[in-house]
Structures are given as C-alpha cells and as structure tokens.
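Participant: Below is the sequence, then the predicted model.
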Amino acid sequence: MWGIGVMPASGRGVVTSQQVDEVTERGSSVSPWHRVVPSAATLVAVLVAAVVIMVATAPPGETTASPGAGFAATDGTAATVAIADSSLVVLVENQRAGGGESLASLPQDVALGLLPQIDDIAALQVWRSTTFTVSETGRRTAAVSLHAIGPNGIELLAVWGGNYSAVFSPAMRLLPAEVVVGAQWEDSGEALEGGALTYEQAASVVAVDDDGCATVRRSLELTVASGEPFTARDEDERWCPGDGIVAGTATEMTNGRASTFSYETVDAATSARLLGQIPDPPSAGSAPTDPQRWEAQSMSTVARDDYFGEMPVGGIGGLSPLATDDGLLIVPVDSGNDLAAFRADTSFTGGPPVLVEQWRVHPGGELLWVAVLGDRVVVSTSDRTVVAYDLGGFRRWTVTTEDLVLSEAVRTDGGLIVIHALDGSVTAVDARDGQVRWEAETATDADARPVVVGGTVVVFDRSGQMLALDAESGTPRWEQSTEVVTGSGAVGNLIVTVDAAGSAQAYDDAGELRWSLDLGETGGEVADTDERAVVFGSTTVASLNVSVGELVWEELVTGAVTADRRVILVGGDRLCSFNADGEQVRCWDLPAPSEETGWRLALSASGAWAVDANLAVVRIGLPLEGQ
C-alpha cells in the first residue's frame, strides 16, 4: 500500500512528468506501483514498504501514545507474507527506536528531509520496517519504510531502497488515533520534493469484529507535477490488535489498466516451507592467500540509493566486525542495533575505493554477539532470541530461549548449530531452518562457548563441569570436573581450555587430561593456528604447543587481536602478521583512528580488516580487481 516513491533512472533529483513517463515505459527503473503491465513482482513491491507486516503489541514497559499507535510492530519481529498466485517470497523485519537514535540509524538524506517535520526529536517514536523479497529466479530486493507512532496513530514518513524512495510532507496517516467504526481521515501533500509527485488519500474504518480486528478502506491517488493522474489504488486492509495488517485486497489502476491482488501473513509452518524454498546466495569463496602479498588500503563505507544517492552510514557498535572468505565485511552498527554488511566496489575508475552496504538487518533488542558459522550469520539478542541470516542478509530462522545466550554458538560438521543459554539449556538446531534436533542441559548456569571436536560437542557450566554430548543426538558421552572455564577452543583433536585461575588445560576427545600449563592470567578466546593453541589474554597473546603443553611464544597486546588457522594479527598503530612459531611475516602501518577506541580487527582467508569507531576501514589483502 505504501510503496509509492518514484526514482529517476539517472539517480538523485526531481522527477518531472516527462521523466515519469519515460521510466514508466522502461518499467524496471521505478517502483512497481508504476508499471504499465502489472506482474507478480509488481504486486509484491506494492507491499514492500510495510503493508503486510506481522506486528505485535508494544514490548513490556513501553507505552503507546494512542490506541492506533499500538498496531506498530514490536522491535525485532519478522513475518512471512504470501501473495495469491505468486511464487515470490516476502519477509518483513521490524525495528522500533526513539529520540535521536531513530534518526541516527537513517540514511543521512532521509534524516535531513524529515528534520523540518519534527518538532521534538526527543519525543519521536518510530517504527522502521524492511521488506525483503526473493523472486523465483533468486533475485533479492529490499526496501524500507519509516513510520511515526504517537498521538496521531501511525503515519508514514519516508520510503527508500529497492526501486523507489520518497519523503512524505506532511506524513501520510495510515491509522488514526482511535480505530473505531466510522473513523474517517484525509491527507494530501508531497511524495517527492518540489511537488514532482504528490499524494491524496481518503480512508475510513468500515468494520470492527468481536476480536477487535478492523477493516480499513483506503483510496489513494498519485499525481505528477503537470497535474496528470499517475496511479490510483483502492484497498481493503484487515488490521488486528497486536498483529497489524493480516490480510488485504487491492485494485490498482495505472494508464487505464487495472489489476487486483490479495495477500496475507502466514503461520509458522507455511513460513518455514516458503523460506526453505529460497536458495542460499552463491559465494565465490576464497583460498587462503599469502600475507606477504597483502597491501593496506584505506576505504570509506557508504550506502547507495537510486534517488537519495550515496550516503554515509553510522559508526560501529560495541561488538567486533566479522569477515567472510569471499570479501564480505559484517559490522554491528552503533545506531539502532542493526547489523550491516559491506563489500568493496571494484567498478570505480578513480578516487579512493569504497565499501558499499549490501544489506542491513535488525535482529531486535541489543546485540550480544555475532558469529559467522558457515553460510549463516548468527546473532544473539537481549530479547532472548537467536536469529540466523544467510550471507545475503535474508532472515532464515529465529529461536526463542528461556534465558539470554551469552556464549557464542558453534556449528557441527553435521550442519547443526549448538546454542548454550545462560540457564544451562543446550539446544541444537538445523542450520538451514532452525528446527530443533536435540536438547540437553548442564547442571548450572553457563556463559562459556561450547567446543566441537569431531562428533562431540563439549559444553561448560559455571561450576567447572565439562559435559561432552554426541553431536548428532545430544546423548551424554562423558563428564569432567575442572576449574571455571573462561575460554575454550578445539585445536586438532584436543579441547583446550583456559580457566579463571589463569591455567590452560588440554583434554582429548575422551575427556582425559593431557596437560596443564600456568599462563599467569585469565584467557578468553582460544584459536587453532597450525596445531598451535593461540590464547588471547587480557594483556598478552600466547601460542602453545599442544603436543606437549609448552609455551612457544608470547606477545604483549597493544591493541586488538584476532586469529584464524593461518595467521595472527596484533594491532595498535601497526598491524602485524605472525606465523604459528611467532615469527613476524609482515607489518602494515595504520592511520590514526578517528577516536581513542582504536581499531577493531576482522580476519578471513582473503585478508584482514581494521575498522574504527566511525566505520573508516583499512583493508589488508590482495589488491582489488580493477586497481
């Protein structure tokens, strides 16, 4: 219903009636609202900006300014939408924010366009919905709509991304403050700056059933600057308390041609079936490369929109970035608790290279940790959910837990993701669809990351107990008592732990202690680097020979550290690569970071990334193609 923005194919600027006619004939360069011949893609993209949204009531402790505003979606919720006679898959994800945070998370030009309409930024409450669409051919699109929620009900402020963008002035009311039979409202104003496109709507509540669900009847007309009608649309929307729009039927008239379609949100089983039909995005992968050939290159991060153009993005949040082997940089951003992915643009012909935002998602709540586990990006949130996305940014599944999950999940060779919650519950789910395969529990609370060794998953609790479970069935294999584990990892076929007393231990896959070594400080992450156990402590990084339990080398930590199976990087004002024996391979100078927080590092087979607080990036790897 609200995907009504228009974009010129040439990029940013005012759309004239002549340009509107031109892009309408081309079809692919404007919102599907304006296609001459409606298609299945047209019908879906009409919904893109938030028509079909499974929403819930406001979270505990949050009040809404009016009954109508109570229909706005709960932070982090998602819903799958079915369109009649269409093979397209549509999923809508929601964010709630208030005050300055709500504007800080927006593209810069969208925020600037909205500022004149906002009297009190501190009181502003917004609902942002992002609609992801996957076509039968696997083509993915995403578009965003931004709503104000408050004493006037729900109002549409702006749409961007996908094939159209607009800022509405004044905002278009979608629901009134009081959703009662006979409520009527009218709105008119600009949809594009300078009156290039204007809107006029009339809406009313025509029925309310015993469950409190309301039927809203809406008529909308769009007009170009010359005064010529552009498109007209009549729609019946069924809104339910706590569920938002659950169904609808619309008729659209464009250039004398009419199309009618219907849509509805689906239940969990149907959603799982539809999402299971979506292929994972192709990944080129990357073989490990020699750090001797790596070069450092400074890059900026931007988001691109065909109407608003190139826009800067926010800074990094409290978590470290991650990198995939095929060159995707995944960053928890500091505004709105979003997760964004960037890829280098190799098509530029001059000037410094840029990292372009590929997708942005909102798992909900505060992000507790993010991990790349094979072809899934897995996130734990303060809402007691674990959410998984594919590498194309499409939400694949959400698992709700009874308690927070503070320790990173792990992936088994059999394709299961094992989640160990704070209350000790252990849940193994299928990485593809999130279906639970087995469950177990530890005796007490837990916050240490599990370890996978062959066909065994080892979990740790806060009492110092280690419990080994069969990776496929969850059946207990053995149990061992130790000190409270603060860090752990698999190195070859050994389980290496670091405890609260500052000692490292190695156990075989039968739970037998092989050796113990005093490190002198509490450790965190344990990584496998060419059969060496690399332990990251609070002030040092140490490499251990796991065959005999001896210290191979130790280095003071001057900044961020990270590692994979090939190389170790130690950051400060320089970034250096070491081999497993502690020999320095090569170093690269880093520019001064924008803030005192310094650089945060991510490492993959294809190279390293240093990211500062304002999302300035230094890429260290093979020169980009086209350079």
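Facilitator: Perfect, thanks for sending it.
Participant: hey, which helix or strand in the chain has the poorest pLDDT?
Facilitator: helix 40-45 (a mean of 30; mean pLDDT, DSSP states H and E).
Participant: Return the distance of stretch 577-589 from the chain's centre.
Facilitator: 33 Å (C-alpha atoms, centre = their mean, to the nearest Å).
Participant: Show me what the helix or strand encompassing D187 packs onto, helices and strands only.
Facilitator: D187 belongs to strand 184-192 when assigned by DSSP states H and E. When contacts are defined as 3 or more C-beta pairs under 8 Å, 6 or more residues apart in numbering; DSSP states H and E, strand 184-192 packs onto strand 166-175, strand 197-208. Where you see a C-beta, it was placed from the backbone N, CA and C, and this is true even at glycine.
Participant: Just say which of the ones you listed is most tucked in.
Facilitator: strand 166-175 (a mean of 23; mean count of other C-beta atoms under 10 Å).
Participant: all helices for the stretch 151-300 of the chain, in order.
Facilitator: With DSSP state H, counting those that start in this stretch as the criterion, the stretch 151-300 of the chain has helices at 268-276.
Participant: For the protein, identify the residue most remote from the centre.
Facilitator: V548 (42.7 Å; C-alpha atoms, centre = their mean).
Participant: before we move on, the earlier item: as a markdown table, the helices and strands packed on strand 184-192 with distance to D403 and mean pLDDT would be great.
Facilitator: Listed next are these as a markdown table, based on distance: least, C-beta to C-beta, whole Å; pLDDT from 0 to 100:
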| stretch | distance to D403 | mean pLDDT |
| --- | --- | --- |
| strand 166-175 | 35 | 91 |
| strand 197-208 | 39 | 94 |
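Participant: What residues does the closest residue in space to the residue farthest from the centre of the chain that isn't next to it in sequence make contact with?
Facilitator: Distances taken as C-beta to C-beta, 6 or more residues apart in numbering place W515 nearest to V548, at 7.0 Å, with adjacent residues excluded. Shown in contact with W515 (C-beta atoms under 8 Å, 6 or more residues apart in numbering): Q505, A506, V548, G549.
Participant: Sitting in strands, which of these do you find?
Facilitator: Q505, A506 (DSSP state E).
Participant: PyMOL command for the buried members of the contacts of W515?
Facilitator: Buried residues within those, by 16 or more other C-beta atoms under 10 Å, are selected in PyMOL with:
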select buried, resi 505+506+549
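Participant: re the thing from before, what does the pLDDT read for the residue farthest from the centre of the chain?
Facilitator: In this prediction, V548 carries a pLDDT score of 93.
Participant: Now tabulate the helices and strands packed on strand 184-192 in JSON lines and tack on distance to V453.
Facilitator: Below are the helices and strands packed on strand 184-192 laid out as JSON lines (distance: least, C-beta to C-beta, whole Å):
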{"stretch": "strand 166-175", "distance to V453": "54"}
{"stretch": "strand 197-208", "distance to V453": "59"}
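Participant: quick one: which of those strands is nearest A341?
Facilitator: strand 166-175 (25.2 Å; C-beta to C-beta).
Participant: Could you report the distance from A247 to P312?
Facilitator: Plainly put, A247 is 39 Å away from P312 if you go by C-beta to C-beta, to the nearest Å.
Participant: mind showing which ranges of the stretch 401-550 of the chain have poor pLDDT?
Facilitator: Judged by pLDDT under 70, the stretch 401-550 of the chain has its weakly predicted residues at 522-523.
Participant: show me where this structure has helices.
Facilitator: 17-26, 40-45, 99-104, 108-114, 268-276 (DSSP state H).
Participant: Which of the ones you listed has the lowest mean pLDDT?
Facilitator: For these, where the average pLDDT is lowest is helix 40-45, sitting at a mean of 30.
Participant: What's the separation between the residue nearest to V548 and F71?
Facilitator: For W515, the distance to F71 - C-beta to C-beta - is 61 Å.
Participant: likewise G309?
Facilitator: Taking C-beta to C-beta, one finds G309 at 33 Å from F71.
Participant: And these two? Which one has more around it.
Facilitator: F71 (29 against 16; other C-beta atoms under 10 Å).
Participant: Can you name the residues bridging to the residue positioned nearest the centre of the chain?
Facilitator: The centre of the chain sits closest to V361, judged by C-alpha atoms, centre = their mean, with a distance of 2.7 Å. For V361, the beta-bridge partners under DSSP bridges are L339.
Participant: Go ahead and confirm it touches V333.
Facilitator: No: V361 is beyond contact range of V333, at 10.5 Å (criterion: C-beta atoms under 8 Å).
Participant: My read is that Q435 contacts V429, right?
Facilitator: Yes: if you go by C-beta under 8 Å, Q435 and V429 touch, sitting 6.2 Å apart.
Participant: quick one, which of those two is more surrounded?
Facilitator: Neighbours were counted for Q435 and for V429 using other C-beta under 10 Å; V429 has more, 22 against 12.
Participant: Which positions are bridged to that one in the beta structure?
Facilitator: Under the criterion used (DSSP bridges), V429 bridges to I417, V436.
Participant: which residues touch it?
Facilitator: W397, V399, L416, I417, I419, Q435, V436, R437.
Participant: repeat for I419
Facilitator: V386, V399, T401, V405, A409, V426, T427, A428, V429.
Participant: Return every residue with contacts to both of V361 and V333.
Facilitator: With C-beta under 8 Å, 6+ apart, V361 and V333 have common neighbours L339, A340.
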